[in-house]
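Asker: kindly return the folded structure for what I paste below:
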Amino acid sequence: MSWLEALARPDIVALRAYEHAAWQPALERLHANELPWDPAGAASAEGLNRYPEPQPIELVERLAALYGVEPSSVLLGRGSDEAIDLLCRAFCRAGEDAVLVCPPTFGMYAVSARIQGAGVLNVPLSPERGFALDPAAVLQRCTSTTKIVFLCSPNNPTGNLLEEEAMLAIAAGLTARSLVVVDEAYIEFAGRASLARRLAQWPNLAVLRTLSKAYGLAGARCGALLAAPEVIALLRKIIPPYAIARPTLIAALRRLAPAALAAGQAQLAVLLQERSRLQHALRALPGITRVWPSDANFLLVEFADPQRALDRSAAAGLLVRDARGYPGLGSALRISVGTPEQNSRLLQAWS
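Answerer: Here you go, the predicted structure:
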């Protein structure tokens, strides 16, 4: 029995996947119960009357090259959220298994686990140490039924990078016992290399990436799980057969074209400058008690009166995230870095 067969749900390992209509682009399609014409008003080149390729090879290869992995290590999905859900369903038996999270962190890890009927173990990040990860505490908390450890780096909502060696220590300590999933949705804003380069060394390591943040395609819903090929093959058994809609595919390929990538780098440079400007300006404003350092495209800010700050930003036509519901963040708001004009308007509202 392989490490993956021992870790994953036995019924998923044994599952015979749904057999979608064969993908043979060279042949005219009379096999998938599709309408033979595009809908009225649609350009025929869109091909919306046809089911999309289940895992579009052109996009898989483009993302594999972008992220520095083999195509067999890429699974496309509707944002990172779909991959999180698939992981919980593939590895966690309802009422028996658990995931571990490190709050305050992205809420979908716990939500997806609970929808699956899995338990949720918590090892909080330490605000006294800048929301640092404690690998020893994580390893101590894991039990024989802890199937997934979710780590977010840079972390949402705190914005800090987790120490790479700490994350790898957890992967090493849980070899063949648990999958360690590192969510790198914001890594492009951090200036640090992805942990995807360590996948070959640690088969139980997986990395989440997305086009929603730095690539500006949140509305297209396109993300990727990077993992060992056997993990990808297992999840392909349970992902819906046509997960990537054709308009999403077209948008993603356009965004990953060389000219668009160059333009995106210019936008990223502006955003990082604005992040720095906001950090310095917010620290000088009355009523702000702390501005946390950030490696993401947002800032976590603590206020003497957070409700007043929310009201004043709304009066200026700007919506920021109320973070007071996160553990230990009872006076905090999360501010996404906007355009220079939006950022100036927010600073004026809080001055």
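Asker: secondary structure element holding the closest residue to Leu268 other than its chain neighbours?
Answerer: Nearest residue to Leu268, sequence neighbours excluded (C-beta to C-beta, 6 or more residues apart in numbering): Ala214, at 6.1 Å. All C-beta atoms are positioned from the backbone trio N, CA, C, and that covers glycine. If you go by DSSP states H and E, Ala214 is not part of any helix or strand.
Asker: what do you get for Leu346?
Answerer: Per DSSP H and E: Leu346 is located in helix 340-350.
Asker: and that helix, what's buried?
Answerer: Buried residues in helix 340-350, counted by 16 or more other C-beta atoms under 10 Å: Asn343, Arg345, Leu346, Leu347, Ala349, Trp350.
Asker: sorry, back to before: neighbours around the residue nearest to Leu268, how many?
Answerer: 20 (other C-beta atoms under 10 Å).
Asker: same question, Arg283
Answerer: Using other C-beta under 10 Å, the number of residues around Arg283 comes to 11.
Asker: make residue 1 into 59 and carry on from there
Answerer: New numbering, starting at 59: the last item is Arg341.
Asker: which ones are touching the residue nearest to it when sequence neighbours are not counted?
Answerer: Spatially, and ignoring its direct neighbours in sequence, Arg341 is nearest to Val349 (5.1 Å; C-beta to C-beta, 6+ apart). Val349 sits next to Gln337, Leu340, Arg341, Leu357, Leu358, Val359, Glu360 when contact means C-beta atoms under 8 Å, 6 or more residues apart in numbering.
Asker: hang on, isn't the last one packed against Arg341?
Answerer: By that I understand Glu360. No: using C-beta atoms under 8 Å, Glu360 is not in contact with Arg341; the gap is 11.2 Å.
Asker: how close does Gly137 get to Leu191?
Answerer: Note on Gly137: its distance to Leu191, by C-beta to C-beta, to the nearest Å, is 24 Å.
Asker: more neighbours, these two?
Answerer: The neighbour comparison of Gly137 against Leu191 (other C-beta under 10 Å) goes to Leu191, with 24 against 20.
Asker: and the helices in this structure?
Answerer: Per DSSP state H, the chain carries helices over the ranges 61-65, 68-71, 115-125, 137-149, 166-174, 193-199, 222-231, 287-294, 304-313, 316-341, 364-373, 398-408.
Asker: right, and these - which one's nearest Val157?
Answerer: Closest of the helices of the chain to Val157 is helix 166-174, at 4.4 Å (criterion: C-beta to C-beta).
Asker: give me the domain ranges for this protein.
Answerer: Segmentation of the chain into domains, based on automatic domain parsing, reads 61-314, 317-408.
Asker: average pLDDT for the longest one?
Answerer: Along domain 61-314, the predicted local confidence has a mean pLDDT of 93.
Asker: ends of it, how far apart?
Answerer: 35 Å (C-alpha to C-alpha, to the nearest Å).
Asker: distance from the chain centre to it, please.
Answerer: Between the centre of domain 61-314 and the centre of its host chain there is 7 Å, according to C-alpha atoms, centre = their mean, to the nearest Å.
Asker: quick check, Thr216 in contact with Ala190.
Answerer: No: in this structure, Thr216 is not within contact of Ala190 by C-beta under 8 Å, at 10.1 Å.
Asker: for the residue nearest to Leu326, give me its contacts.
Answerer: Tyr244, Glu246, Phe247, Gly322, Leu326, Asn355.
Asker: any idea which of these is closest to Leu85?
Answerer: Taking C-beta to C-beta as the measure, Leu85 lies nearest Gly322 of these, at 36.6 Å.
Asker: that closest one reaches Leu275, doesn't it?
Answerer: No: counting by C-beta under 8 Å, Leu275 is not a contact partner of Gly322; they are 10.3 Å apart.
Asker: overlap in contacts, the two.
Answerer: Residues touching both Gly322 and Leu275 (C-beta under 8 Å, 6+ apart): Arg313.
Asker: could you measure from the closest residue to Thr233 other than its chain neighbours over to Arg147?
Answerer: Distances taken as C-beta to C-beta, 6+ apart place Asn262 nearest to Thr233, at 5.8 Å, with adjacent residues excluded. Asn262 sits 18 Å away from Arg147, going by C-beta to C-beta.
Asker: equivalent analysis for Ala339, please.
Answerer: Look at Ala339 and Arg147: by C-beta to C-beta, they are 45 Å apart.
Asker: again, but for Pro287
Answerer: Distance of Pro287 to Arg147, given as C-beta to C-beta: 19 Å.
Asker: and the two? Which one has more around it.
Answerer: Between Pro287 and Arg147, counted using other C-beta under 10 Å, Arg147 has the larger neighbour count: 19 against 15.
Asker: ok, now how distant is that one from Val196?
Answerer: Noted for Arg147: a distance of 23 Å to Val196, by C-beta to C-beta.
Asker: what's the answer for Ser270, then?
Answerer: Ser270 is 27 Å from Val196, by C-beta to C-beta.
Asker: likewise for Arg313?
Answerer: Note on Arg313: its distance to Val196, by C-beta to C-beta, is 35 Å.
Asker: between those two, who's got more neighbours?
Answerer: Set Arg313 next to Val196 and count neighbours by other C-beta under 10 Å: Val196 wins out with 25 against 18.
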